[in-house]
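K.L.:
Quick one, structure for this:
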Amino acid sequence: MAFIKWFYRVVFLSVTLSAILAGYLYHTITAPVEITSKEEFEVKAGDTAYSLGNELSEKGLIANPYLTRVVAKLHSEWVPKVGKYAIKPEMNLLDIMALFDSGQSIFYSITLLEGKTTRDFLLAMQARGNITMTLLDASNEEIVKKVGLDVSHPEGQFFANTYRYHEGDTDVSILKHAHELMTQTLNDLWEKKTENLPYKSPYEALIMASIIEKETGVPYERPLISQVFISRLEKGMRLQTDPTVIYGLGDLFKGNLTRKGLQDSSPYNTYRIYGLPPTPIANVGREAIEAALNPEQTKALYFVAKGDGTHAFSNTLQEHNQAVRKYQFKRREDYRSTPVIAK
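P.N.:
Residues are numbered from 1 along each chain as shown. So this is what the prediction gives:
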């Protein structure tokens, strides 16, 4: 009889202690972490429930490093994915471990601006410091191959936009996304273009869009400049646009377009060649493509910078020469090529 009483007491004590331990564990893994603001936590390659417990404990996010092992036992199907994660004050350890399993790591963003070259895009990515760079020293041919482009030159193939990425993503993956968006946008707008334009393909329209993008940052001017260039093409006139010459000069351009530069034999020198240059000269956004495909009717064949970021348009060479004398020979003190953006 005494043995039976002792046995029941041991069982009762064991059950009680187990219940207390279970209650403690439940409380500790479901209690919000003791932080007042969002914190970043990195799951590295090779991390396990044990190592994550140690790191979370060292950061003061959990009281005991063994708690992550408890969660791992409860959810053996959860596998932590490499990445940086945002841990928020309202989260508990179950939430944190589920987050690591989800792979929903922190997104970063980068804005690739209109009018910038592919080289500029790569330098912007490098400046972020958390993108894996593989193309900085690559030739145009190598970029075409690695990104999987169906053209011979990468310029103009990447849509200017804001892109989200995870830390460690490659420049190739971001450019692939930008190219997919460019292809989709260009094809969609090509279907809605004005009739009887002088382009043989969407690629030629993209070349024109890049020139328009470099010529003006004023939205209402883009369709006008588009029509000026289209009219010149239709009349067999040279485009005579400085940005193409500057692009062709590359590193030889030092900030001022000289007479020698205008005599350069580059295929981008539209003061010497007829028609469009062989490739786009920059990457563009939707507005420049829309302008190239939907010009605004005007009789103007010329335009010149006024020094305030806008342009004076002229129908005849005589009018244009007068505008050049007015705006270029006597430049205003605050002369600028881009408009002031109101804040």
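K.L.:
can you give me the strands in the stretch 151-300 of the chain?
P.N.:
With strands called from DSSP state E, counting those that start in this stretch, the stretch 151-300 of the chain shows them at 162-166.
K.L.:
how about the helices in it?
P.N.:
Assigned by DSSP state H, counting those that start in this stretch, the stretch 151-300 of the chain shows helices spanning 171-190, 202-215, 222-234, 242-249, 259-262, 286-293.
K.L.:
Just give me how far the shortest one sits from the chain centre.
P.N.:
In terms of Cα atoms, centre = their mean, to the nearest Å, the gap separating the centre of helix 259-262 from the centre of its chain is 34 Å.
K.L.:
cool, and the third one?
P.N.:
Shown here is helix 222-234, whose average C-alpha point lies 29 Å from the average C-alpha point of the whole chain (Cα atoms, centre = their mean).
K.L.:
Could you report the neighbour count for Pro243?
P.N.:
Close neighbours of Pro243, defined as other Cβ atoms under 10 Å, add up to 20. Every residue, glycine included, has its C-beta placed from N, CA and C.
K.L.:
can you start the count at 210 instead of 1 from here on
P.N.:
Sounds good: first residue 210 from here, last item Pro452.
K.L.:
can I assume it is in contact with Pro486?
P.N.:
No - using Cβ atoms under 8 Å, Pro452 makes no contact with Pro486, being 9.8 Å away.
K.L.:
what is in contact with those two at once?
P.N.:
Listed contacts common to Pro452 and Pro486 are Ile420; contacts here mean Cβ atoms under 8 Å, 6 or more residues apart in numbering.
K.L.:
Show me the shaky parts of this protein.
P.N.:
Low-confidence segments of the chain (pLDDT under 70): 210-236, 541-552.
K.L.:
Residue ranges of each domain in it, please.
P.N.:
With domains defined by automatic domain parsing, the chain comprises 238-311, 317-395, 420-538.
K.L.:
Adding distance to Asn405 as columns, could you present the ones you listed in CSV?
P.N.:
CSV is the format used below for the domains of the chain (distance: least, Cβ to Cβ, whole Å):
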stretch, distance to Asn405
domain 238-311, 52
domain 317-395, 19
domain 420-538, 9
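K.L.:
In contact with Thr239, which residues are there?
P.N.:
Taking Cβ under 8 Å, 6+ apart as the test, what Thr239 contacts is Asn301, Leu302, Leu303.
K.L.:
Next one: the closest residue to Lys297 other than its chain neighbours from Asn339, what distance?
P.N.:
Take Lys297 and drop its neighbours on the chain: the residue closest to it by Cβ to Cβ, 6 or more residues apart in numbering is Lys247, 5.3 Å away. Separation of Lys247 from Asn339 (Cβ to Cβ, to the nearest Å): 17 Å.
K.L.:
thinking again about what came up before, burial measure for the residue nearest to Lys297, as a count.
P.N.:
11.
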